[in-house]
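In: the following comprises the amino acid sequence and a computationally predicted model.
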Amino acid sequence: MSQEKVIKTLESLGLTQMDAKVYVLIAKKGPIKARDAAKALKISKQRLYPILKNLQSKGIVNSTLERPARFTALPFEKVLDLFVKVKLEQAQRIQQNRDALLSDWQSIAVAEGGSSPAKFTVIEGKRYVYSKIQQMIEETKSHLSFVATVPSLARADQYGLFDAVLSHPLKSKIRFRFLTELSEQNAHAVKAFLKDKPRAGLNLEGKTPDLGLKLCPRMVIRDEEETLFFIDAKNGEQATERDDVCLWTNCNSLVRAFSTMFEELWRNATEIEKKIEEIETNKPSPKTYVISDAQAAKKQYEETLSNAEKEIVVMTSSTGLLEFWRNKHLVTDCTNKGVSVRIMAPITGENLGAAQNLRKFCEVKHVALSYLGTAVIDGQHLFQFKNPPLTPLNTENRSYSEKIFYSNDSEYVNRTKNMLEDIWEKAHIPSAVTMDSIMQQITSADVHPKVSAISEFKKNGKYLKIVSDPEASKKLTEKEVLHRALSEKRISATDPFQEFSRMFCTWAWAVIHPPKWFNLPKTMISALHIEKQSSLGEEDTVQISLWLNTPIGYTYVPVGMIHDSPRTYQVWKKNFAGTPTEHNIQTVNKDEIQVRVRGNKVFAGWTAPIPLWPKPYSLPPCCILFDGYGDTKPGKCTMTVPNSGVTNKMEFNKIEAFVTLLHQESKYEGPGTEGFILRDCIIDTIPNKLPQADDKKLQDFKEE
């Protein structure tokens with residue numbers, strides 16, 4: 001067992017990570033003095049002594065009587081036996097006292113209202129996650145839907161979740177449905193898994209998405225009453241490689257949002273058994289065959305494109321879109337004949353220019369990442385590429401030495417075309433305005449709307465000014481920013497307008513083009529997760545700006561925010577002085593808002609409507625997922641909020657992000673050009689006016 005696994009095991013048994021590290025060090029190096037242990041772990045003795053005392057109280061670390069004392073550790077196998085014994089005794093005591101505890105609870109319990117309050121709960125660790133899922137299965141009354149990878153299906157079986165399904169007293173009346181990603185590599189495993197499960201009296205259905213649509217996120221939905229969804233750290237990373245982190249919510253709007261997403265995926269999916277048969281026979285349907293030779297595939301594909309008479313609909317990758325532009329003659333030859341050409345691809349900073357140029361003679365929209373490239377020509381010919389296609393096909397590119405499917409079977413082609421049409425209707429036209437250009441605009445804009453209520457706010461104020469430092473940013477590396485974020489010390493402060501303070505955070509930004517029934521203009525959403533080592537402690541906030549008319553024209557105006565830390569209310573109020581947000585800051589409970597960070601992903605969700613200014617605008621309960629991609633760009637800048645009286649020196653690792661907004665009625669997917677994440681962000685706040693005694697500190701900050 002590796003040291004990392006030992007530490008994870010000890011954490012699962014109730015030790016903190018540092019407790020576990022201290023135990024491992026003493027077990028490997030002991031007997032050892034406290035001074036030497038602190039030096040090896042790179043922590044202070046003041047921090048080490050409480051840990052040693054805690055480990056001694058548990059009986060897994062002992063000390064000698066000499067001075068200075070030396071510490072030894074109980075062998076690891078005995079530590080495991082000790083914890084197992086303690087856990088068993090605890091479980092037995094709870095079981096023995098169960099009736100008495102329930103009786104006591106009934107005597108003090110407050111009568112519940114008509115419905116439970118909407119909230120979030122964070123669940124970490126496989127054991128707790130799968131225990132919660134089992135509880136959801138046992139409480140299911142009508143239907144249970146879940147999205148899972150093949151490895152997580154196997155793990156669910158190991159934790160007894162399918163046994164819970166099979167033993168459910170209402171299993172014949174409950175509709176159990178699951179979606180999983182099926183491939184040539186895992187088809188045999190899924191087939192064996194399903195064959196091994198008794199299906200008698202069980203209403204169990206499985207499907208796999210067509211067109212390579214992504215199953216994101218993994219989730220479980222029970223009776224449209226509650227949902228649990230996984231936050232993955234990185235695209236393509238298997239769940240077996242890390243502990244699971246999930247968010248559970250009973251917010252009706254959010255549960256319906258995830259249900260809507262599931263139903264959309266379910267509608268555009270193929271039955272598992274049928275898909276397995278297609279993979280095993282290499283024939284997805286009659287009159288469909290595999291083109292294994294890249295040169296033959298290239299020839300047939302280009303000839304079919306050239307002979308198109310009515311329309312071409314293509315879903316490709318971000319690099320595939322670039323190839324369309326590089327070989328635009330294939331498109332222009334078709335459009336010159338009156339052929340309609342529509343292209344869907346993930347829009348990024350790299351291919352935005354190509355998308356704008358292609359839109360001069362064909363239609364282009366943004367869609368989320370997918371695993372298959374698909375082209376339907378004249379509603380009669382279907383090409384599907386294991387990897388999204390480059391156009392024209394490049395025989396020197398290794399990715400196109402793989403199999404390519406072709407079909408002219410009318411039923412199969414029509415079904416695929418209908419799915420593409422459905423995706424096209426919900427996709428968005430890429431805007432030429434990027435998030436970077438938007439941020440440059442709002443840094444100098446007068447933010448006050450031309451309305452009578454302007455008298456409530458200070459006039460002629462500037463909300464935000466950002467001055468980047470390109471030369472310093474060029475010298476900065478991702479590793480240096482990360483090192484500083486991990487090593488910088490906390491600065492004690494209670495009022496950042498009078499004292500130096502420091503914030504460690506992750507800050508995600510996105511522009512959303514809401515559907516018409518939202519009754520909102522273009523909206524900027526900023527999700528901020530502040531780490532607990534920050535001067536004012538841990539906090540989650542969601543800040544909203546709307547595209548409104550101002551004395552200098554339309555711009556994004558800060559109109560409201562929610563946060564979960566009452567002690568920072570006055571701080572935010574001063575920070576947004578002179579803007580509508582100053583009078584529209586809502587403090588909510590910690591289980592009503594969540595901003596979670598996992599690798600290059602940021603999730604933000606809220607369970608109550610966010611009132612916005614001017615009334616009657618409001619943002620309903622939603623979830624927003626920022627999915628970072630591409631290269632990381634270190635940055636350094638100074639951010640000034642003039643009315644607040646402070647200057648912020650920022651250092652960060654920036655990454656562009658695709659954005660998905662989930663609401664109970666719809667799902668919005670935004671291009672990578674309209675979202676970004678500031679990771680490993682450190683913000684030093686310097687008051688503009690300081691007591692004279694702090695002049696030297698100010699000079700130190702300026703010289704950093």
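Out: Thanks, I have it. Numbering: from 1, shown residues only.
In: please count neighbours and contacts with C-alpha atoms only from this point.
Out: Will do.
In: doesn't residue 495 make contact with residue 571?
Out: Yes: because the distance of 7.5 Å satisfies C-alpha atoms under 8 Å, residue 571 is recorded as touching residue 495.
In: where along the stretch 1-150 of the chain do the strands fall?
Out: In order along the chain, the stretch 1-150 of the chain carries the following strands (DSSP state E, counting those that start in this stretch): 32-33, 61-63, 70-73, 120-124, 143-147.
In: dump those to CSV, plus mean neighbour count, distance to residue 98 and mean pLDDT.
Out: Conversion of the strands of the stretch 1-150 of the chain to CSV gives the following (neighbours: other C-alpha atoms under 10 Å; distance: least, C-alpha to C-alpha, whole Å; pLDDT from 0 to 100):
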stretch, mean neighbour count, distance to residue 98, mean pLDDT
strand 32-33, 18, 44, 87
strand 61-63, 20, 33, 79
strand 70-73, 22, 36, 84
strand 120-124, 17, 24, 86
strand 143-147, 22, 30, 94
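In: would you turn the ones you listed into CSV with distance to residue 264?
Out: As requested, the strands of the stretch 1-150 of the chain are arranged in CSV below (distance: least, C-alpha to C-alpha, whole Å):
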stretch, distance to residue 264
strand 32-33, 60
strand 61-63, 55
strand 70-73, 55
strand 120-124, 24
strand 143-147, 12
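In: compare those and give me the one nearest residue 325.
Out: Ranking those by distance to residue 325, with C-alpha to C-alpha as the measure, places strand 143-147 first at 36.0 Å.
In: run through who's touching the closest one.
Out: Contacts made with strand 143-147 from outside it, assessed by C-alpha atoms under 8 Å, 6 or more residues apart in numbering, are listed as 137, 174-180, 215, 217-223, 262.
In: at 7 Å instead, please
Out: Residues lying outside strand 143-147 but in contact with it, judged by C-alpha atoms under 7 Å, 6 or more residues apart in numbering, are 174-180, 215, 218-223.
In: okay, how far is it across stretch 551-570, tip to tip?
Out: 28 Å (C-alpha to C-alpha, to the nearest Å).
In: what about residue 130, how many residues nearby?
Out: Residue 130: 19 surrounding residues under other C-alpha atoms under 10 Å.
In: hang on, I meant residue 597
Out: Applying other C-alpha under 10 Å, we find 21 residues neighbouring residue 597.
In: wait, a helix at it?
Out: No: checked against DSSP: H, G, I helix; E, B strand; the rest coil, residue 597 lies outside a helix; its state is strand.
In: go ahead and confirm it touches residue 604.
Out: No: taking contacts as C-alpha atoms under 7 Å, residue 597 lies outside contact range of residue 604: 9.0 Å.
In: quick check: residue 336 vs residue 277, distance?
Out: 42 Å.
In: who has more neighbours out of those two?
Out: Between residue 336 and residue 277, counted using other C-alpha under 10 Å, residue 277 has the larger neighbour count: 15 against 10.
In: my read: residue 648 touches residue 681, true?
Out: No: between residue 648 and residue 681 there is no contact under C-alpha under 7 Å: 11.8 Å.
In: out of these two, which sits in the busier spot?
Out: Each of residue 648 and residue 681 has its neighbours counted (other C-alpha under 10 Å); residue 681 has more, 24 against 20.
In: skipping adjacent residues, who's closest to that one in space?
Out: Excluding its sequence neighbours, the residue lying closest to residue 681 (C-alpha to C-alpha, 6 or more residues apart in numbering) is residue 652, at 4.3 Å.
In: which strands and helices sit next to whichever strand or helix holds that neighbour?
Out: Per DSSP states H and E: residue 652 is located in strand 646-663. Strand 646-663 makes packing contacts with helix 252-267, helix 478-487, strand 622-628, strand 633-641, strand 666-670, strand 675-687 when contacts are defined by 3 or more C-alpha pairs under 7 Å, 6 or more residues apart in numbering; DSSP states H and E.
In: pLDDT score for residue 521?
Out: According to the model's per-residue confidence, residue 521 sits at a pLDDT of 88.
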